[in-house]
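In: Need coordinates for the following:
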Amino acid sequence: MKKQLALVLAAVMVSASLAACGSSGGAAETTAAPAATEAAAETEAAETEAAETEAPAEAEASDEAPDAAALVSDAFIDPVNDWAKYDELIAEIKAETDMAHRTELMHQAEDILMSNYAVVPIYYYNDLYMEKDYVKGVYANSFATKFFMYATLENGSDTLRLNLASEPDYLDPALNSSVDGACLAANSFSGLYTYNAEGKPVPACAESYEVSEDGLTYTVKLKEGLKWSDGSDLTASDFVYSWKRATDPKTAADYEYMFSGFDGYADGNINVTAVDDTTLEFVLSAPCAYMEDLMAFPTFYPVKQEAVESYADWETTPGGWCQEAGFVSNGAYVCTGWNHDTSMTYEKNPYFWDADNVKIEKLEFMLSADDTAIFSAYNAGDVDFIDTVPTDEVQGLINSQNPEFKVIDELGTYYIAFNVNSKLFEGKTPEQAACMREAINLLIDRDYIVENIGQTGQVIATSYIPLGMMDGNGGTFKSDPAVGYYDAYAINDDYEGTIAKATELMKAAGFKFGEDGMLSEETPLQIEYLTNDGTGHVAIAESLQQDLGAIGINLTIQKQEWNVFLEERKNGNFDMAREGWIADFNDPINMLEMFTTTSGNNDPQYGRK
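Out: Residues are numbered from 1 along each chain as shown. As a prediction, this is how the structure comes out:
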């Protein structure tokens, strides 16, 4: 068994031990007020009678459920009906030019986000992969994008065989929102900027750029002679078309909000123009410290208008133009073969601006999410690079010090999301729903997850913004893993006390408990947990099953194929779902703005009714 079952709880739980929902201090202890005395004139008998009549009242009060409204953090707002306040705060952050004040506002935004516990952080990401010893020069940035175009093979082959994931959801760079899709986009498209082996943004299609004195107007000079993979000219107008397309509601890009710092965004017409074929100009509404990262992000990649709009249903199916092999791109490789759900082939693009430095002629992708089958293929020599390892194989690879097993740092957080509109919360006040979610947060044994499932040195998360992320003002937003919104080790250090706190939070949400410390049959709680099928994700789900079972919550696991899982989660068809977010650039706003009401990445459905 994962750990011993809960001991029988003490019959009386002291309400003063209850910590408040969120990051504020504990709720004040409430007891019956003592009756006023008549001082010296009262007889001893009268005092005795008063004490006897008061005792039952105190006993009755101890059985009353705590007031959920008194338990939530001062930062709490209704995550459905009042979420416009969060949206406004994010807009204020993006317009703020005082960087110190901007950092303060981002801390406020995280306080609000964490106060409702619809986002439950588990650990801060790192990334593991395996590559054969003859594979050289593959690199990744801190945002989990892997670059294969400058790799070499020392085994005499010109083909790199690899696995990233199963069938990609989208290859259109404007529509992709998955890590594997970003890797495919980065190797088949090219933006104004890209990343070098040190993880720094460097020019790609851009030759250089200038910024106005007020930090708002960017004038980008493109490299001469840029081409699409079909040999046609790529000009500044292609970037104008692509950026405006990404912000068009008809495109329904998850990441359209990445352009919200542009002048004209609020009016639906971002300020970007082609001065001439090789000069692109765009105007921001406020200075942006991470503009080079945005210029390297897939949503900012160019797509060819003719290719997009030659697809028959391009207006209603915006990503349809690149759902089969042979689509036009401008990166190091072109997709030349696609056997759906089985394999993809990419071949070197002779028109890529840096084609002379691309040594590997072909990339062959095994499409699978079965990490056991992937690991077997790697050991059999059928693939050279894999981006996953079965959970039960990790410790052996570590113990054997296998040089082909790599672990690298990432900026991101593995977390759980609750759908704030789930039927779980019907009939509950917003505060009661928050207390339900916090109770579940307290029950999670994160130490078990990182030590026995993750196994590669993941750091337990006590906040959503990951360790080491910069604050946009020359400092670090969070540097101490022990400082956060809850005690992640409480379930290990004080098991009975933590169970008691979780129980009291559930009582505040209207649940009743039996003498055995379990949820009463009168108020059961059944939760469905949505995850994609992978040994690590499923093992975490099973760990959560036992954690929540400590007070009688019944968690069932719904495993789905990758693309179905993504759509179900995005559409809010879940109670509780496994989540992970790896930053797109090194600034907290990236991980905060994704939860605005209209964001395509707002899986918890904040602000939606």
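In: how about the strands of the stretch 1-150 of the chain, start to end?
Out: 119-131, 135-136, 139-140, 146-147 (DSSP state E, counting those that start in this stretch).
In: residues contacting residue 178?
Out: 165, 168-170, 566 (C-beta atoms under 8 Å, 6 or more residues apart in numbering). All C-beta spots, glycine's among them, are computed from the backbone N, C-alpha and C.
In: ok, now residue 275?
Out: Counting by C-beta under 8 Å, 6+ apart, residue 275 touches 219, 236, 281.
In: Please give the element, helix or strand, for the last one.
Out: Here residue 281, judged by DSSP states H and E, is contained in strand 279-283.
In: That strand pairs with which strands?
Out: Each strand paired with strand 279-283, and its direction, by DSSP bridges: strand 217-222 (antiparallel), strand 272-276 (antiparallel).
In: Please enumerate the helices of the stretch 301-450 of the chain.
Out: Secondary structure of the stretch 301-450 of the chain (DSSP state H, counting those that start in this stretch): helices at 305-309, 371-379, 391-399, 430-443, 446-448.
In: who's in contact with the shortest one?
Out: Counting by C-beta under 8 Å, 6+ apart, the neighbours of helix 446-448 from elsewhere in the structure are 2-3, 122-123, 460-461, 488-489, 492, 543.
In: and what of stretch 334-347?
Out: 166-167, 171, 187-188, 229, 322, 324-327, 329, 333, 348-349, 361-367.
In: If you average the pLDDT over the strand holding residue 281, what comes out?
Out: When pLDDT is averaged along strand 279-283, the result is 98.
In: Could you do stretch 498-512 as well?
Out: 98.
In: Give me the distance from that stretch to the chain's centre.
Out: Stretch 498-512 has its C-alpha centroid displaced from the chain centroid by 28 Å (C-alpha atoms, centre = their mean, to the nearest Å).
In: Repeat that for stretch 497-504.
Out: Going by C-alpha atoms, centre = their mean, where stretch 497-504 is centred and where its chain is centred differ by 28 Å.
In: With just CA atoms, put that stretch into PDB.
Out: Extracted C-alpha coordinates of stretch 497-504, given in PDB (Å, rounded to 0.1, in the frame of the first residue of the first chain):
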ATOM      1  CA  GLY A 497      -4.300  17.400  12.500                       C
ATOM      2  CA  THR A 498      -4.400  17.900   8.700                       C
ATOM      3  CA  ILE A 499      -7.300  15.400   8.300                       C
ATOM      4  CA  ALA A 500      -9.100  17.300  11.000                       C
ATOM      5  CA  LYS A 501      -8.600  20.600   9.200                       C
ATOM      6  CA  ALA A 502      -9.800  19.100   5.900                       C
ATOM      7  CA  THR A 503     -12.800  17.600   7.700                       C
ATOM      8  CA  GLU A 504     -13.800  21.000   9.200                       C
END
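In: Going through the contacts of stretch 334-347, which ones are buried?
Out: 166-167, 171, 187-188, 229, 322, 325, 327, 329, 333, 348-349, 362-367 (16 or more other C-beta atoms under 10 Å).
In: follow-up on the earlier one: quick one: which of the helices of the stretch 301-450 of the chain is nearest residue 515?
Out: helix 430-443 (19.1 Å; C-beta to C-beta).
In: and the closest one with strand 119-131, angle?
Out: Computed by axes from the mean of the first three to the mean of the last three C-alpha atoms, to 10 degrees, the angle separating helix 430-443 from strand 119-131 equals 40 degrees.
In: Using JSON lines, lay out the strands of the stretch 1-150 of the chain together with distance to residue 470, mean pLDDT and mean neighbour count.
Out: Converted to JSON lines, these look like this (distance: least, C-beta to C-beta, whole Å; pLDDT from 0 to 100; neighbours: other C-beta atoms under 10 Å):
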{"stretch": "strand 119-131", "distance to residue 470": "15", "mean pLDDT": "97", "mean neighbour count": "22"}
{"stretch": "strand 135-136", "distance to residue 470": "30", "mean pLDDT": "98", "mean neighbour count": "18"}
{"stretch": "strand 139-140", "distance to residue 470": "19", "mean pLDDT": "96", "mean neighbour count": "18"}
{"stretch": "strand 146-147", "distance to residue 470": "22", "mean pLDDT": "98", "mean neighbour count": "20"}
